[in-house]
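J.: Predicted model and sequence below, questions to follow.
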Amino acid sequence: MSSDKKCSKCKEVLSECTCIAEEDPKTYKSIAVLRLEKQGRGGKTVTVSFKQ
């Protein structure tokens, strides 16, 4: 047996593993932008967030 490494989730041999490979969270390319606005809200300050 040359490859006796096991999957950490299902405990099967890696060649027999049926788990879906997870993507590395560092590969996501989304940026959250926060902005404080008062205009048009009766003077109240609100935080506006959107994804770029």
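T.: Structure's in. What do you need? Numbering: from 1, shown residues only.

J.: hey, where'd the strands end up in this structure?
T.: Using DSSP state E, the strands of the chain run over 32-37, 46-51.

J.: Would you convert those into JSON lines that also reports mean pLDDT?
T.: Formatted as JSON lines, the strands of the chain follow (pLDDT from 0 to 100):
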{"stretch": "strand 32-37", "mean pLDDT": "89"}
{"stretch": "strand 46-51", "mean pLDDT": "86"}
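
J.: tell me the angle the lowest-mean-pLDDT helix or strand in the chain makes with strand 32-37.
T.: Lowest by mean pLDDT, DSSP states H and E among the helices and strands of the chain is strand 46-51, with a mean of 86. Strand 46-51 and strand 32-37 are oriented at 150 degrees to each other (axes from the mean of the first three to the mean of the last three CA atoms, to 10 degrees).

J.: neighbouring contacts of strand 46-51?
T.: Strand 46-51 is contacted by residues 30-38 when judged by CB atoms under 8 Å, 6 or more residues apart in numbering. Any C-beta I mention is one placed from the backbone N, CA and C, and that applies to glycine too.

J.: Kind regards, and thank you for your time.
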